[in-house]
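>>> just need the structure, nothing else, for what follows:
(one chain, ligands or ions: 1)
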Amino acid sequence: MSRKAIIVGGGLGGLSCAIGLATAGFDVTVLEKEKTLGGKLKRVEASGYRFDRGPSTITMLHAFRRVFERAGRRMEDYIQTYELEPRTRNLFADGTKVDLSRDRGWMQQQIAAYSPEDAARYPAFLEEARRIYGLADGRFLNRLMLSMREKADPALLRDFMRVRPNTTLRTLLARYFSHPYTLAMFGRYATYVGASPLQAPAIFAMLAHVEADLGIYGVYGGTYQLVESMARLARELGVHILTDAEVLSIKVRSGRAYGVETTEGAIEADEVICNGDLLTTARLVPDRLRKRPAAERLDRYEPSLSGFVLLAGVRQRYESLLHHTVFFPERLESEFEDIFTRRVAPEDPALYICNSGYSEADTAPEGGSSLFILANAPYLSEAWNWKEQRENYANKLIVMLDRRGISGLNKAEVLQTYTPSDLQRDTYAHRGAIYGISSNSMRQTFFRPGNRDREIDGLWYVGGTAHPGGGTPLVTMSGQLVAERIASLKGGDASSRIRAGSVE
Ligand SMILES: Cc1cc2nc3c(=O)[nH]c(=O)nc-3n(C[C@H](O)[C@H](O)[C@H](O)COP(=O)(O)OP(=O)(O)OC[C@H]3O[C@@H](n4cnc5c(N)ncnc54)[C@H](O)[C@@H]3O)c2cc1C
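The predicted structure follows:
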């Protein structure tokens, strides 16, 4: 008889795990509390405008391809992707423009327009980014670190030191660049993992290589196609997907998870895998069944940053926008002090716009644009009240963009806001954080909460808060890695054998 697995949540991590387990012969059920799958990635349609609310910058395409290939399918039979070149347009307050590109010579020309010194050092920086990515990909991203033996692997420890764990991204960037524009442009990669460039470790310089050399991709039909294609594959493999089904608690007997209590009744399984934010779902095990309350450990983590989203459907085209465009403010990086220290929505945020119509005409009615506008925001705390500030802040962003030439948003045919409170309500993201925990320190970057519960056997975690981290490719990888690990175990009390270090 097949072993049974329950997955709590139908985000990308959960779907990827479901596919991996179903491929290995498990009887898999995905339980999603919302009416639709996708978690932080949602499709929004209104008055002929279509938006992907959530991730739009898709990198490391191989992470998605692997999900299909390991199930014996070709990704191209499920989704069509295209590479964006140039990648992202960076616009500074004085009109300086840098279009990130695979073409190093062109990149140097653009940077040289404001800093010949930085331009000269760009190739060396990219080389460093490539080196760091190689180490991360080889040692950290593609493996779980559960047993003591895995964690103490001498090769891992050697390479850990080679990614400069004690150096911040800012310090590393300052070894190559001195101009504030270059520092802000490449420092922004820290926000891809919910962190501040001033605090995040240097390892995130690897994202410069990921974007420039591995590429940024679009998905025909929108990034939500990633969810739809994985859900289709999961169903083909026999996965039962139940939406509108919330898991209320995880059932534990003699220290082992054996099922869940849901709004639809109880379901039993051999393995329970939580895809909802670990900082929330780990609390689904009643405290009396743990040695110490989950909050004692989980509340010590600093949540990642969140985001304020404005969706604007406008009867206008914008020649200055590429598919991805970032408007940097005059006071560069003041936003990180606002977000992480004062915990208020930034006075002067960098504004990111995804103008998907640049690549696909049918995202808006004739002559129109569907703009996804994102400002980084703090995780939820008493310092900022979105209920009171939602409209003011939206208007502020509209005025800011109008000054930068993105006019007409006040006459938008569709205008919707989405705050960190909404994200928390819809996905149970702890404090509305996008990437689970921040990567603002060595501990939070390299010693993330593990993929296996510390105390409860048969209970696993996949998704942004767990290893290897947040962002669409990494959560997809985490689902695959956990599925492979569970499948490699021979049944019975598998987790405790890992704990003893006897599995590998
Ligand atoms: C505004 C925004 C912009 C982003 N931009 C990018 C980007 O450009 N590029 C990129 O790569 N990433 C981006 N991300 C991050 C990316 O979306 C996430 O890292 C990723 O989608 C998270 O996937 P996940 O598997 O961790 O699960 P989630 O998406 O968090 O899904 C978890 C699911 O679990 C469900 N759930 C939780 N608790 C329960 C329960 N008790 N019972 C049943 N179901 C439950 C939730 O409803 C949810 O559907 C962005 C995110 C946001 C919000």
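
>>> got the residue ranges for the strands in the stretch 1-150 of the chain?
4-8, 27-31, 42-46, 49-53, 81-84, 88-91, 97-99 (DSSP state E, counting those that start in this stretch).

>>> please identify the deepest-packed of those strands.
When these are scored by mean count of other CB atoms under 10 Å, the highest mean neighbour count falls to strand 4-8 (a mean of 27). The C-beta positions use only the backbone N, C-alpha and C, and glycine is treated the same way.

>>> what sits up against the helix ranked longest in the chain?
Ordering each helix of the chain by length in residues (DSSP state H) puts helix 116-136 first. Helix 116-136 is contacted from outside by 104, 107-112, 159, 162-164, 172-173, 176-179, 182, 186, 202-203, 205-210, 212-213, using CB atoms under 8 Å, 6 or more residues apart in numbering.

>>> quick one: it to chain centroid distance?
Mean-position distance between helix 116-136 and its chain equals 24 Å (CA atoms, centre = their mean, to the nearest Å).

>>> ditto for stretch 369-380
The answer for stretch 369-380 is 14 Å, by CA atoms, centre = their mean.

>>> all strands for the stretch 251-400 of the chain, in order.
Under DSSP E, counting those that start in this stretch, the stretch 251-400 of the chain gives strands at 256-262, 265-268, 271-274, 306-314, 324-327, 351-355, 369-377.

>>> skipping adjacent residues, who's closest to the residue of the stretch 251-400 of the chain found nearest the ligand in space?
Residue of the stretch 251-400 of the chain nearest the ligand, by CB to the nearest ligand atom: G276 (2.4 Å). The shortest distance from G276 to any non-neighbouring residue, by CB to CB, 6 or more residues apart in numbering, is to G9 (4.0 Å).

>>> swap in Q424?
G432 (4.0 Å).

>>> what sits against the one you found?
303, 306, 379-380, 419-424.

>>> pull out the buried residues from the contacts of helix 116-136.
107-108, 110-111, 159, 163-164, 172-173, 176-177, 179, 182, 186, 202-203, 205-210, 212 (16 or more other CB atoms under 10 Å).

>>> with adjacent residues omitted, what lies nearest to K251?
In space, K251 is closest to G259, 4.4 Å off (CB to CB, 6+ apart).

>>> burial of the one you found, as a residue count?
Using other CB atoms under 10 Å, G259 has 20 neighbouring residues.

>>> what about the closest residue to G368 other than its chain neighbours, neighbour count?
Nearest non-adjacent residue to G368, counting by CB to CB, 6+ apart: R315, 4.8 Å away. Counted by other CB under 10 Å, the residues lying close to R315 total 15.

>>> which residues are in contact with the residue nearest to L156 when sequence neighbours are not counted?
Distance criterion CB to CB, 6+ apart; nearest residue to L156, sequence neighbours excluded, is R139 at 5.3 Å. The contact partners of R139, by CB under 8 Å, 6+ apart, come to 155-156, 159-160.

>>> if I look at R139, how far off is K42?
Counting by CB to CB, to the nearest Å, the gap between R139 and K42 amounts to 34 Å.
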